[in-house]
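Novice: turn this into a model:
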Amino acid sequence: MTVPDLPAPPDLPAPPDDPGFPAATAPGARDLAELDGAVVECRACPRLVAWREHVATVKRAAYRDQEYWARPAPGFGDPDAAVLVVGLAPAAHGANRTGRMFTGDRSGDFLFAAMHRVGMASQPTSVHAGDGLTLTGVRITAPVHCAPPDNKPLPEERRRCGPWLARELEIVRPRVALVLGAFGWDALLRTLGEQGWAVPRPRPRFGHGAEVVLDRPGTGERLTLLGCFHVSQQNTFTGRLTEDMLDAVLLRARALAA
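Specialist: Below you'll find the model as predicted:
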């Protein structure tokens, strides 16, 4: 298995294990390569650092001969993406193992198969970071970049990681944000509100197929949020989220972005 090798930017304004590292570093990233390089250096959340490294030591039996990435997973996809897919956080034995968002687990299998069906992905599988997969018109990210215990980041971990998402939005400037699950929906709305977007009050509620158009006063920018049930096994194995449902949301995102 091949894991990505992303260099950190040459000058870090704060130590990576400083709680203020994301807030100090993210705004200065000039492009996605520099942002991603800084993300993978981050150690600002002690609980998440301990968990991701513990998982990489204990490992799952099926991957006992593999070297885990065990670092934050940066965003992945087309740098000129008009659609930004926002998930929750890396999976302990998925992206925390492979180093690439939604890669190496069942959730990613479901997502990338759908992206391939609608023409957004070059292949239907995502096994490891060197498997040749490319995305067209879409980039994938998350509000939290480290694998959390029980897939549940704490509120303060979401807030601490928020500047990475904020800067990614500024650099990519997507026209559509396809949000997988209520956690990502709430986190993205919080970040957009902090950036000056006109987020309604009360905040729009998450739901599969929910569609909200936001404006950024004084800039002429417009962003459409689309809600989609998360591609977790809990949803896909039970039929709460089907292939047809996911395909339809992806096609809607592509149409809005065009």
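
Novice: neighbours of the nearest residue to residue 149 once chain neighbours are set aside, how many?
Specialist: Of all residues not flanking residue 149 in the chain, residue 51 sits nearest, at 5.0 Å (CB to CB, 6 or more residues apart in numbering). Where C-beta positions appear, they are placed from N, C-alpha and C, glycine not excepted. Residue 51 has 19 neighbouring residues, counting by other CB atoms under 10 Å.

Novice: confidence score at residue 13?
Specialist: For residue 13, the model assigns a pLDDT of 83.

Novice: measure it to residue 29 for me?
Specialist: 11 Å (CB to CB, to the nearest Å).

Novice: just to revisit the earlier point, which element is the residue nearest to residue 149 on?
Specialist: Using DSSP states H and E, the element containing residue 51 is helix 46-58.

Novice: helices or strands up against that helix?
Specialist: Counting by 3 or more CB pairs under 8 Å, 6 or more residues apart in numbering; DSSP states H and E, the packing neighbours recorded for helix 46-58 are helix 95-98.

Novice: quick revisit: who are the neighbours in contact with the residue nearest to residue 149?
Specialist: Each residue near residue 51 by CB atoms under 8 Å, 6 or more residues apart in numbering is listed here: 92, 146, 147, 148, 149.

Novice: can you check residue 113 too?
Specialist: Residue 113 neighbours (CB under 8 Å, 6+ apart): 124, 125, 243.

Novice: now do the SS call for residue 213.
Specialist: Under the three-state scheme (DSSP: H, G, I helix; E, B strand; the rest coil), residue 213 adopts strand.

Novice: which residues in the stretch 1-150 of the chain form helices?
Specialist: Taking DSSP state H, counting those that start in this stretch as the criterion, the stretch 1-150 of the chain carries its helices at 21-25, 32-39, 46-58, 95-98, 106-117.
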